[in-house]
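Peer 1: Below are the sequence and a predicted model; questions follow.
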Amino acid sequence: MKSYRKELWFNTRGRRGFINITPQVQQCVEESGITEGFVLCNAMHITASVFINDNESGLHQDFEVWLEKLAPEKPYSQYRHNGYEDNADAHLKRTIMGREVVVAITAGALDFGPWEQIFYYELDGKRRKRALIKIIGE
Amino acid sequence: MKSYRKELWFNTRGRRGFINITPQVQQCVEESGITEGFVLCNAMHITASVFINDNESGLHQDFEVWLEKLAPEKPYSQYRHNGYEDNADAHLKRTIMGREVVVAITAGALDFGPWEQIFYYELDGKRRKRALIKIIGE
Amino acid sequence: MKSYRKELWFNTRGRRGFINITPQVQQCVEESGITEGFVLCNAMHITASVFINDNESGLHQDFEVWLEKLAPEKPYSQYRHNGYEDNADAHLKRTIMGREVVVAITAGALDFGPWEQIFYYELDGKRRKRALIKIIGE
């Protein structure tokens, strides 16, 4: 069994933002030399998400509006977590979007359906944060 | 390390539907000859889900009502994604239900608790779509 | 490839409760002797969750309030699943929180960001229930 590890670092200008990391994950698969296995891709922070969905800006705006309805950022005082912090909503939003994805590797490539793309979704940005790529297989 | 791959294809009559794929996943585990490992089971489409829960029709109706409340299908115009499409709600509903499950294989069988069953949940059907079964282990 | 399996058992006094299982999962990793691989940690019951987030009691109270808003426990009669049972809300709440996590193992330890902690979240307790730890790797 072989394994491979890489961290991807991000620093978004705004509080929230979508970053398509599919090309970087594909490059990791190539670098790993693993042709059959699993790749785990997870946010290493608890106010960010890694998820798979469409690379379509209208849908990303829909996610923003929808998550703000399900877990509003303000008023900050509605959350007990917001004593010294203001990011309780980011913890909740990331829970809906998910921490991680596991993707199959087949014949040396991400084994994806036609529209699957991997996104890092920053929900409490303006600082350096990261995702983990870990691959195991042969 | 051994690996195994299979696609399961579906074509639901309605826009939405639940399909219990546990027997098919069990058969894949048997075909793989893998006795210790992980099986990844994921929707290959971004408007469908693979999830684990109860095989109980009342609960499935509850999921339908609940998801329609959290991410309503109509009016279509409420979503920016719905320019040429009408399935934005399916992208959101699948986000709540999840894209994938990872299940342990122990002694050649799915290592499940008493009521765990795997479902493919079609959220934008009436066409051929598929799930991926990928197994690694020994 | 090596593999390791353990069940963690719980019996919460109340209907709902958070249990930090990070130390137990770390101990499993050590016992396994696996230094590079994946650990799968999943609830074996469909009314409980395993998730990763902050070990902060204010946030846990926020989760409680938030899930009760998104999937209220009562009135029981609002759910079709609640014929002979009263736990439909637990099935829905666990769906939002997630069934499982997959965590990378690197150099013999859980490969975590600064605040990641693993929780078993009981949503229908007052009885013995369990989570599965399964590790594969080398």
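Peer 2: Received it, and whenever you're ready, just let me know what you need.

Peer 1: For the rest of this, base every contact and every neighbour count on C-alpha atoms.
Peer 2: Noted.

Peer 1: Show the pLDDT at the most centrally placed residue in chain A.
Peer 2: Centroid-nearest residue in chain A, with CA atoms, centre = their mean: residue A:50, separated by 1.7 Å. Per-residue pLDDT puts residue A:50 at 98.

Peer 1: Look up which helix or strand the residue nearest to it when sequence neighbours are not counted falls in, please.
Peer 2: Leaving aside its chain neighbours, residue A:50 sits nearest to residue A:120 (4.6 Å; criterion: CA to CA, 6 or more residues apart in numbering or on different chains). Assigned by DSSP states H and E, residue A:120 belongs to strand A:117-122.

Peer 1: Please state the offset of that strand from the chain centre?
Peer 2: With CA atoms, centre = their mean, to the nearest Å as the basis, strand A:117-122 stands 4 Å off its chain's centre.

Peer 1: Restrict the helix or strand following that strand to CA atoms and write it as CSV.
Peer 2: As assigned by DSSP H and E, the chain's next helix or strand after strand A:117-122 is strand A:129-137. Taking Å, rounded to 0.1, in the frame of the first residue of the first chain, the C-alpha atoms of strand A:129-137 are listed here in CSV:
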residue,chain,number,x,y,z
LYS,A,129,-6.5,28.2,6.4
ARG,A,130,-6.0,24.8,4.8
ALA,A,131,-7.4,21.5,3.5
LEU,A,132,-5.8,18.1,3.7
ILE,A,133,-5.4,15.7,0.8
LYS,A,134,-4.6,12.2,1.9
ILE,A,135,-4.4,9.3,-0.6
ILE,A,136,-4.1,5.6,0.1
GLY,A,137,-4.0,2.7,-2.5
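
Peer 1: Quick one: check strand A:129-137 for contact with chain C.
Peer 2: Yes - on the criterion CA under 8 Å from any CA of the partner chain, strand A:129-137 is in touch with chain C at A:134, A:136.

Peer 1: what does that strand contact?
Peer 2: Contacts to strand A:129-137, defined as CA atoms under 8 Å, 6 or more residues apart in numbering or on different chains, come from residues A:1-11, A:25, A:28-29, A:32, A:34-45, A:50, A:120, B:1, B:136, C:37-38, C:104, C:137.

Peer 1: just how off-centre is that strand within its chain?
Peer 2: Taking mean C-alpha positions (CA atoms, centre = their mean), strand A:129-137 and its chain are 11 Å apart.

Peer 1: Direction included, what does it pair against?
Peer 2: strand A:2-10 (antiparallel), strand A:37-43 (antiparallel) (DSSP bridges).

Peer 1: Find the helix or strand that the residue nearest to the centre of chain A is a member of.
Peer 2: strand A:48-53.

Peer 1: tell me what that strand is packed against?
Peer 2: strand A:37-43, helix A:88-97, strand A:100-106, strand A:117-122 (3 or more CA pairs under 8 Å, 6 or more residues apart in numbering or on different chains; DSSP states H and E).

Peer 1: Apply 6 Å and report the result again.
Peer 2: Counting contacts by 3 or more CA pairs under 6 Å, 6 or more residues apart in numbering or on different chains; DSSP states H and E, strand A:48-53 packs against strand A:37-43, strand A:117-122.

Peer 1: can you list the ones you listed in JSON lines and add mean neighbour count and mean pLDDT?
Peer 2: Below are the helices and strands packed on strand A:48-53 laid out as JSON lines (neighbours: other CA atoms under 10 Å in any protein chain shown; pLDDT from 0 to 100):
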{"stretch": "strand A:37-43", "mean neighbour count": "27", "mean pLDDT": "98"}
{"stretch": "strand A:117-122", "mean neighbour count": "23", "mean pLDDT": "98"}
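
Peer 1: Nearest to residue C:87 among the ones you listed would be which one?
Peer 2: Of all those, strand A:37-43 sits nearest to residue C:87, with 30.8 Å by CA to CA.

Peer 1: quick one on the thing from earlier: keeping just the C-alphas, turn the strand holding residue A:50 into CSV.
Peer 2: What follows is strand A:48-53, C-alpha atoms only, in CSV (Å, rounded to 0.1, in the frame of the first residue of the first chain):
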residue,chain,number,x,y,z
ALA,A,48,-14.8,25.5,6.5
SER,A,49,-16.1,22.8,4.2
VAL,A,50,-15.0,20.5,1.4
PHE,A,51,-17.9,19.4,-0.7
ILE,A,52,-18.7,18.1,-4.2
ASN,A,53,-21.2,19.8,-6.5
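
Peer 1: which residues does residue A:98 contact?
Peer 2: Neighbouring residues of residue A:98 by CA atoms under 6 Å, 6 or more residues apart in numbering or on different chains: residue A:49.

Peer 1: Look up how far residue A:42 lies from it.
Peer 2: 9 Å (CA to CA, to the nearest Å).

Peer 1: now residue A:13
Peer 2: Applying CA to CA to residue A:13 and residue A:42 gives a distance of 21 Å.

Peer 1: contacts for the strand holding residue A:50?
Peer 2: Contacts to strand A:48-53, defined as CA under 6 Å, 6+ apart, come from residues A:42-43, A:94, A:98-100, A:116-123, B:46.

Peer 1: which residues sit against stretch A:102-117?
Peer 2: So stretch A:102-117 is in contact with A:22, A:35, A:36, A:37, A:38, A:39, A:40, A:52, A:53, B:44, B:45, going by CA under 6 Å, 6+ apart.

Peer 1: sec struct for the last one, please.
Peer 2: I take that to be residue B:45. coil (DSSP: H, G, I helix; E, B strand; the rest coil).

Peer 1: Next one: the nearest residue to residue A:9 once chain neighbours are set aside, what pLDDT does it get?
Peer 2: Distances taken as CA to CA, 6+ apart put residue A:130 closest to residue A:9, at 4.3 Å, once the chain neighbours are dropped. Confidence at residue A:130, expressed as pLDDT, is 98.

Peer 1: Residue A:130: neighbour count?
Peer 2: 19 (other CA atoms under 10 Å in any protein chain shown).

Peer 1: can you check the one 5 residues further on too?
Peer 2: The number of residues packed near residue A:135 is 31, by other CA under 10 Å.

Peer 1: mind checking how far the closest residue in space to residue A:7 that isn't next to it in sequence is from chain B?
Peer 2: Closest residue to residue A:7 apart from its sequence neighbours, by CA to CA, 6+ apart: residue A:132 at 4.7 Å. Going from residue A:132 to chain B by CA to the nearest CA, to the nearest Å gives 18 Å.

Peer 1: which residues does residue A:132 bridge with?
Peer 2: residue A:7, residue A:42.

Peer 1: Same list (the strands paired with strand A:129-137) but as CSV, adding distance to residue A:71.
Peer 2: Below are the strands paired with strand A:129-137 laid out as CSV (distance: least, CA to CA, whole Å):
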stretch, distance to residue A:71
strand A:2-10, 24
strand A:37-43, 19
